[in-house]
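>>> One predicted model, sequence on top.
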Amino acid sequence: MRFFAPCAKGLEYLLVEELQQLGMVAPREALSGVGFEAELETGIAVLLESRLASRLLLPIADFPCADEAQLYAGAMEVDWSAHLEPTGSLAIHAHGRSGALQHSQFAAQRLKDAIVDRLRREHGTRPDVDREDPDLRLDLLLRKGRAVISIDLGGPLHRRGWRAQQGEAPLKETLAAAVLLRGGWPGLASEGHGLFDPMCGSGTLLIEGACMAAGIAPGLGRYGDRPPTRWKGFPLQDWQALRTAAQARAEAGRQALRPSFLGSDIDPRAIRIARENAEAAGVAAAIRFESAATHEAPTPEGARGLVVCNPPYDERLAADPALYRALGEALVRRVPGWRAALLCGDEALARATGLRAQKTYRLFNGRLETLLLVCDPLHAPRSARESRPLGEGAQMVANRLRKNERHLRRWREREGVSCYRVYDADLPEYAAAIDVYASAQDASLHLHVQEYAAPPSIPEDAARRRLGDLLRAAGEVFELPRERIALKTRQRGKGGSKYGVLDRRGESLVVDEAGMRLEVNLFDYLDTGLFLDHRPVRAALREMASGRDVLNLFCYTGAASVQMAAGGARSTTSVDLSQTYLAWAGRNLAANGFTGAAHRLVQADSLAWLRAERGRYGLIFCDPPTFSNSARAEDFDVQRDHVALLRACLDRLTPDGVLVFSNNFRRFRLDDSAFADCAIEEWGPRALPPDFSRNPRIHRVWTLRRR
């Protein structure tokens, strides 16, 4: 069966690893969740063992849904008698939007109407709604013209069953588990080291850490002796067997747990709540709690261990940089050899600690974006020399970068964008493009800086000085060492300005785009392997690809092929003359589970291949270079040759097929007269994302359909 496990944004790759360890098949990350396959009796182990999943969903229906009529009709097709007794109860959680359905509560009501009407028609009676303790929980997702109805097999999984009370702004247990995992706690716990939280609040991090060290399944106390759901298909005997084994493991783990956990907090009420919670979790004997201010916190024993902390940062608990500074100083003084995992509100607060991060991760506490700072070991604060102020020019660039970051943040969070352009010669004298790439594996940031040619009137030493200012500003704003900034510089010589010799590091980085893993190389090539300005084009191709055989010409590294495959393409064919790029495309497809005969890679000159090909395709994406004079193919000029190229593409379309044509030649003119038999639409501004809005002619896109 196919399952989907939602999770908080930023936890997807950790959840993939966890599901692999639990024996689930082909886990694949998406935005805020992971899909996987398993037998039903295996998949329900997630309800008991997952520390990171928010829920466990079993999809039972997926259908087109543009309005309430389609939602009602699609739901009426489901055999609800197989899932729910007609006298039972249900609850529906609806989210998302699709077409005319813009209100989730109304969508949930229409789904309920369909279920009630079908069961009443078949049995003469109807189920009731019970939001607190239903027999059947349903999840309704509305997205991009479709509805997905899933059975929610266990309700909210962040609840562990031990939280008797909570303090102000409590941390969800799933996020606490992520902090511990990113901090390397399982390894430290297995070696007998300690865990220390100097701002422990109601004890979430320490209790989760103790349960993790003892091997206590996070779902063991969630349901008591009752099953997670009364869904008619739930394998109750398999669940009871899993729970019996988990109980035996927990009992042995509690007996073996060492008293190596220490927590303190300035609020005596919080300490009282933490003790009660630890008692309910069965780990109170291993945790010592004390009421103390951060700078007076007790010092834990041992030369090695993990400090975890969730300092205040949201609107309920006002963030104070001085508090973060005091925290950093106290930790360096008390546990200098320890590792630390600190969940800070943002980059400014992380900097206020004065600690040098080994890695940083962007995580979400509800809707709040946070920065997890991992230090190993704890280092002293930055020296005065390291934090010397920027010069006037560098400060101008830094201010613009911070302004652009603020401007783009809400859009990035809404769209889930982790690779984007943050600067594009906004200040003309600092002429370069700066792109941000976030690793999909550890969320670490990397910059790709591409210098533009300076006017001949600018002395070369002035251009070099300005480029140095820009690099210093970028490194300061994003807190990155120089080795994580890839620089492509222009050099003057015969024939004009051109890019100099590139680094040859052989280093690749895996990034995320719409839930797909894509490989980029920031140093070895002029381009990185991912055209960021084509992001909306790839998203549109993904939406258009469902059920079609698709063709990607001049496919480069295959990013568009991956997105079309993710959109449900029946098959993909990717054509490129470069064996290097074609192998790269193959790695991108394979990394996302798209392998086998349905995903063909062809090394050939695209125009020559089209003339010889006899297959038909429902969707063709053609993104040729402006010029090409490869020794292995005919010379190509997009303005001169685009009619022959597009006519050859049209010959390979199915009768209802779509051709999407893109190019970045700024003086390009499409010869409309050569395509009188086609309906042609130029995309205009919708072809470009907000981070490229300063340069509206960076590329143009057309759709062609036969009349």
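Alright, I've got the coordinates.
>>> what mean pLDDT does the host helix or strand of Ser662 have?
Secondary structure from DSSP states H and E places Ser662 in strand 653-663. Taken as a whole, strand 653-663 carries a mean pLDDT of 96.
>>> Quick check: next helix or strand after that strand?
Counting by DSSP H and E, what follows strand 653-663 is strand 678-682.
>>> how about that next one: buried residues?
Cys678 (16 or more other C-beta atoms under 10 Å). C-beta coordinates here come from the backbone N, C-alpha and C atoms, glycine included.
>>> would you say Asp533 is within a helix?
Yes: per DSSP: H, G, I helix; E, B strand; the rest coil, Asp533 lies within a helix segment.
>>> okay, which residue of this structure is out on the far edge from center?
The C-alpha centroid of the chain is most remote from Gly124, which lies 46.4 Å away (C-alpha atoms, centre = their mean).
>>> Now do the same contact list for it.
Residues in contact with Gly124 (C-beta atoms under 8 Å, 6 or more residues apart in numbering) are Pro86.
>>> pLDDT at it, what is it?
Model confidence at Gly124 (pLDDT) stands at 94.
>>> what's next to stretch 229-239, contact-wise?
40-41, 44, 47, 82-85, 88, 135-137, 151-155, 227-228.
>>> and what of stretch 81-89?
Contacts of stretch 81-89 (C-beta under 8 Å, 6+ apart): 60, 90, 115, 119-120, 122-130, 133-136, 151, 230-233.
>>> buried subset of those?
Ile60, Leu90, Ile115, Leu119, Arg126, Pro127, Pro134, Asp135, Leu136, Ile151, Arg230, Trp231.
>>> helix, strand or coil for the fourth one?
By that I understand Leu119. Going by three-state DSSP: Leu119 is helix.
>>> pretty sure it is touching Leu136, no?
No: judged on C-beta atoms under 8 Å, Leu119 makes no contact with Leu136 at a distance of 11.3 Å.
>>> who touches both of these two?
Leu84, Pro127.
>>> one step back: could you dump the buried ones among the contacts of stretch 81-89 into a markdown table and include secondary structure?
Below are the buried ones among the contacts of stretch 81-89 laid out as a markdown table (three-state DSSP):
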| residue | secondary structure |
| --- | --- |
| Ile60 | strand |
| Leu90 | strand |
| Ile115 | helix |
| Leu119 | helix |
| Arg126 | coil |
| Pro127 | coil |
| Pro134 | coil |
| Asp135 | coil |
| Leu136 | strand |
| Ile151 | strand |
| Arg230 | coil |
| Trp231 | coil |
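>>> Distance to Leu368 added to those, as JSON lines?
Listed next are the buried ones among the contacts of stretch 81-89 as JSON lines, based on distance: C-beta to C-beta, whole Å:
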{"residue": "Ile60", "distance to Leu368": "33"}
{"residue": "Leu90", "distance to Leu368": "32"}
{"residue": "Ile115", "distance to Leu368": "35"}
{"residue": "Leu119", "distance to Leu368": "41"}
{"residue": "Arg126", "distance to Leu368": "41"}
{"residue": "Pro127", "distance to Leu368": "37"}
{"residue": "Pro134", "distance to Leu368": "30"}
{"residue": "Asp135", "distance to Leu368": "35"}
{"residue": "Leu136", "distance to Leu368": "32"}
{"residue": "Ile151", "distance to Leu368": "30"}
{"residue": "Arg230", "distance to Leu368": "35"}
{"residue": "Trp231", "distance to Leu368": "33"}
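>>> Out of these, the closest to Ala545 would be?
Ile60 (24.0 Å; C-beta to C-beta).
>>> What about the contacts of stretch 229-239, which are in strands?
Using DSSP state E, the members of those that fall in strands are Leu136, Arg137, Ile151, Asp152.
>>> State the pLDDT value of the nearest residue to the second one once chain neighbours are set aside.
In other words, Arg137. Spatial nearest neighbour of Arg137, excluding adjacent residues (C-beta to C-beta, 6 or more residues apart in numbering): Asp152 at 3.7 Å. What the model reports for Asp152 is a pLDDT of 98.
>>> And the one 5 residues further on, by the same measure?
According to the prediction, Leu157 has pLDDT 96.
>>> could you list every residue that touches it?
Contacts of Leu157 (C-beta under 8 Å, 6+ apart): Val46, Leu47, Ser50, Ala53, Ser54, Arg55, Leu56, Thr174, Pro218, Gly219, Arg222.
>>> show me where pLDDT drops low in the stretch 251-400 of the chain?
314-319, 379-388 (pLDDT under 70).
>>> How about Met1, nearest residue that isn't a chain neighbour?
Leu40 (5.5 Å).
>>> In contact with Asp130, which residues?
Contact partners of Asp130, counting by C-beta under 8 Å, 6+ apart, are Ser89, Leu90, Ala91.
>>> Helix or strand for the last one, just tell me which one.
Ala91 is located in strand 89-97, with elements delineated by DSSP H and E.
>>> partners of that strand, with directions?
Strand 89-97 has these partner strands in its sheet, going by DSSP bridges: strand 128-129 (parallel), strand 136-143 (parallel).
>>> May I see these arranged in TSV, with mean pLDDT and distance to Asp267 as well?
TSV is the format used below for the strands paired with strand 89-97 (pLDDT from 0 to 100; distance: least, C-beta to C-beta, whole Å):
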stretch	mean pLDDT	distance to Asp267
strand 128-129	94	40
strand 136-143	95	36
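>>> Switch those strands over to TSV; also include distance to Phe196.
Below are the strands paired with strand 89-97 laid out as TSV (distance: least, C-beta to C-beta, whole Å):
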stretch	distance to Phe196
strand 128-129	46
strand 136-143	38
